[in-house]
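1. With the sequence up front, the predicted model follows.
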Amino acid sequence: NPTPPPRTMRFLSLSMVLSVLLRHRAASAFSVAHRPATFASTALAAEKGGGGGGGGRTSAAVQDKDTLSKTSANGAPSAPAVKLDTNPPKGTRDFYPEDMRLRNWLFGHFKRVSSLYGFSEYDAPVLESESLYTRKAGEEVTQQLYNFEDKGERRVALRPEMTPSLARMVMAKKGGLPLPLKWFSVPQCWRYE
């Protein structure tokens, strides 16, 4: 049984967490740039004749990988492809493995400390009724939401925060929950700002 942390334990502030993440990201960017060749780069070099390929036969498909992209269904040359934007959509971010390890480590500590103090983890759907947010903040909040009409013609939104979802969950139990609630969540939220 782990011992609960002392009452004098200080919790990490958001600015402290962000500074650790930024320092870690800068360090991991340096280490990625200075790593030895990966399997993918070695395989690519072998394919281009850079050695290490074993000297076996190469199929026609490998020799001309762009055959399908160069022709259309009727065999005529196709129009040039639109360049793919490799940036994540606005309001979102990628977590590469080194970032994910740090995030999982940090969230793991948050969860363990919360559990030691008797809190239970909860979650809610990432997709909520748009009215849940407009009721709280008015129609102008829709400018900050990722919102759309679903196939059932209902106005829905990706959750920008957890408070309305938590309130909806508590109201759904109609007073059947023991108070005070000791719940915590580490949610994913999306806000168009």
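-> Thanks, I have it.
2. which stretch of helix or strand covers residue 118?
-> Residue 118 is part of no helix or strand when elements are defined by DSSP states H and E.
3. Verify the contact between it and residue 182 for me.
-> Yes - in this structure, residue 118 is within contact of residue 182 by CB atoms under 8 Å, at 5.4 Å. Heads up, the C-betas are built off the backbone N, CA and C, glycines and all.
4. So which of the two has more stuff around it?
-> residue 182 (11 against 8; other CB atoms under 10 Å).
5. I'd guessed the more buried one sits against residue 122; true?
-> No - with contact defined as CB under 8 Å, residue 182 does not reach residue 122; the gap is 10.3 Å.
6. State the distance from residue 178 to residue 118.
-> 12 Å (CB to CB, to the nearest Å).
7. now residue 145
-> 34 Å.
8. Likewise for residue 162?
-> For residue 162 relative to residue 118 (CB to CB), the value is 19 Å.
9. quick one: the strands in this protein?
-> Residue ranges of the strands in the chain, as given by DSSP state E, are 120-121, 127-129, 147-149, 155-158, 183-184.
10. So in that sheet, which strands flank the third one, and in what orientation?
-> So that's strand 147-149. strand 155-158 (antiparallel) (DSSP bridges).
11. Alpha carbons only: can I get the strand it pairs with in PDB?
-> What follows is strand 155-158 as a C-alpha-only set of coordinates in PDB (Å, rounded to 0.1, in the frame of the first residue of the first chain):
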ATOM      1  CA  ARG A 155     -26.600  20.400 -33.400                       C
ATOM      2  CA  VAL A 156     -23.600  18.900 -31.700                       C
ATOM      3  CA  ALA A 157     -20.100  20.100 -30.700                       C
ATOM      4  CA  LEU A 158     -16.800  18.600 -29.600                       C
END
